[in-house]
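Student: Provided below for reference: sequence and predicted model.
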Amino acid sequence: MKLAEKAGADIVLLSYPPQFWPTTEQEIYDYTKQFCDATELAVMLFPIPLWGFERVHPAGMSVELVRRLLKDCPNIVAIKSEQGFPLPAGLCEMYHHFRDEVVISCPIEGDAIPLMSVMKLQFSGTSNTQWMSTYYPRAFDLAKNGEWESAMEMYWKVNPARSANGAAAQSYAGGTGVLNRTMWKYQDWLAGFNGGPLRAPAMRVPDRLMKMLRQGLVASGLPVTKDPDSAYMVGRNPC
């Protein structure tokens with residue numbers, strides 16, 4: 001944290017280590033407060049089923065726990081709300097209770113744009129959308145500035161790519177709590193980013209999923225490279 005401060009960072013997304021195994025809300029509170037107290041950075045709270053906090057409360061982080069943390073940790077400035085993911089219940093609950101106190105972030109593109117018809121969302125980050133090129137920031141900006149119908153037109157146009165991404169994610173996400181970053185990097189490469197190997201250990205991307213993800217972009221009319229998939233493993237700027 002101190003190194004990040006010296007490097008010029010101004011906000012941190014708070015995660016919890018795999019070895020952290022709380023059995024009470026007090027333990028979650030204590031860890032989170034000690035973390036917040038130790039830094040001058042702004043903190044984005046991150047309730048999500050990845051941490052296993054559902055053994056303590058079905059929501060992982062309850063309204064009562066979040067309210068207590070916001071009261072006692074003034075540098076918590078935002079909540080990346082994913083309690084109960086893939087359902088939007090956590091987002092709705094956090095928005096209902098805390099939208100006037102902190103920034104509520106919906107990181108799921110497929111949820112954020114439709115929900116902006118009833119929610120004044122200010123920020124969405126992060127969740128594997130740069131492979132859709134400029135679509136998401138443009139659509140988010142439209143919805144944020146009162147042009148929700150135009151945002152939804154864009155939303156449906158890219159639905160083939162969204163559906164391909166969802167189908168590919170089902171091949172690895174269930175039960176592991178680990179994202180296939182190799183696949184995410186491949187998706188970015190399709191849209192023009194560098195690509196190239198990740199340091200070990202890293203997951204693989206089957207050819208069948210590569211083809212599906214590529215065709216989803218083609219069907220959506222989004223930019224997609226014509227380079228062969230073999231070039232992804234080298235990257236556009238190799239050492």
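Tutor: Structure's in. What do you need?
Student: which regions of the protein lie under the pLDDT threshold?
Tutor: Along the chain, segments meeting pLDDT under 70 span 172-177.
Student: could you pull out the helices for this structure?
Tutor: Here the chain has its helices, by DSSP state H, at 2-7, 25-37, 63-72, 89-98, 109-115, 135-144, 148-157, 159-169, 181-190, 207-220.
Student: right, and the ones you listed - which one's nearest residue 227?
Tutor: helix 181-190 (8.3 Å; CB to CB). Bear in mind the C-beta positions are built from the backbone N, C-alpha and C, glycine included.
Student: same for that closest one, what does it pack against?
Tutor: helix 207-220 (3 or more CB pairs under 8 Å, 6 or more residues apart in numbering; DSSP states H and E).
Student: the closest residue to residue 197 other than its chain neighbours: neighbour count?
Tutor: Excluding its sequence neighbours, the residue lying closest to residue 197 (CB to CB, 6 or more residues apart in numbering) is residue 233, at 6.3 Å. Using other CB atoms under 10 Å, residue 233 has 14 neighbouring residues.
Student: over to the one 4 residues further on?
Tutor: By the other CB under 10 Å criterion, the neighbourhood of residue 237 contains 8 residues.
Student: got a list of what it touches?
Tutor: 194, 196 (CB atoms under 8 Å, 6 or more residues apart in numbering).
Student: my read: residue 144 touches residue 124, true?
Tutor: No - with contact defined as CB atoms under 8 Å, residue 144 does not reach residue 124; the gap is 9.6 Å.
Student: settle it for me: which of the two has more neighbours?
Tutor: residue 124 (22 against 16).
Student: where's the residue lying closest to the more buried one once chain neighbours are set aside relative to residue 51, distance?
Tutor: Nearest in space to residue 124, with sequence neighbours left out and distances taken as CB to CB, 6+ apart, is residue 112 at 4.8 Å. Per CB to CB, to the nearest Å, residue 112 is found 22 Å from residue 51.
Student: next one: residue 166
Tutor: Distance from residue 166 to residue 51, by CB to CB: 23 Å.
Student: comparing the two, which shows the higher neighbour count?
Tutor: Taking neighbours as other CB under 10 Å, residue 166 and residue 51 compare with residue 51 leading, 21 against 13.
Student: could you find the closest non-adjacent residue to that one?
Tutor: residue 16 (4.7 Å).
Student: now the helices of the chain in JSON lines, with distance to residue 238?
Tutor: Below are the helices of the chain laid out as JSON lines (distance: least, CB to CB, whole Å):
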{"stretch": "helix 2-7", "distance to residue 238": "27"}
{"stretch": "helix 25-37", "distance to residue 238": "38"}
{"stretch": "helix 63-72", "distance to residue 238": "45"}
{"stretch": "helix 89-98", "distance to residue 238": "40"}
{"stretch": "helix 109-115", "distance to residue 238": "31"}
{"stretch": "helix 135-144", "distance to residue 238": "29"}
{"stretch": "helix 148-157", "distance to residue 238": "34"}
{"stretch": "helix 159-169", "distance to residue 238": "25"}
{"stretch": "helix 181-190", "distance to residue 238": "13"}
{"stretch": "helix 207-220", "distance to residue 238": "19"}
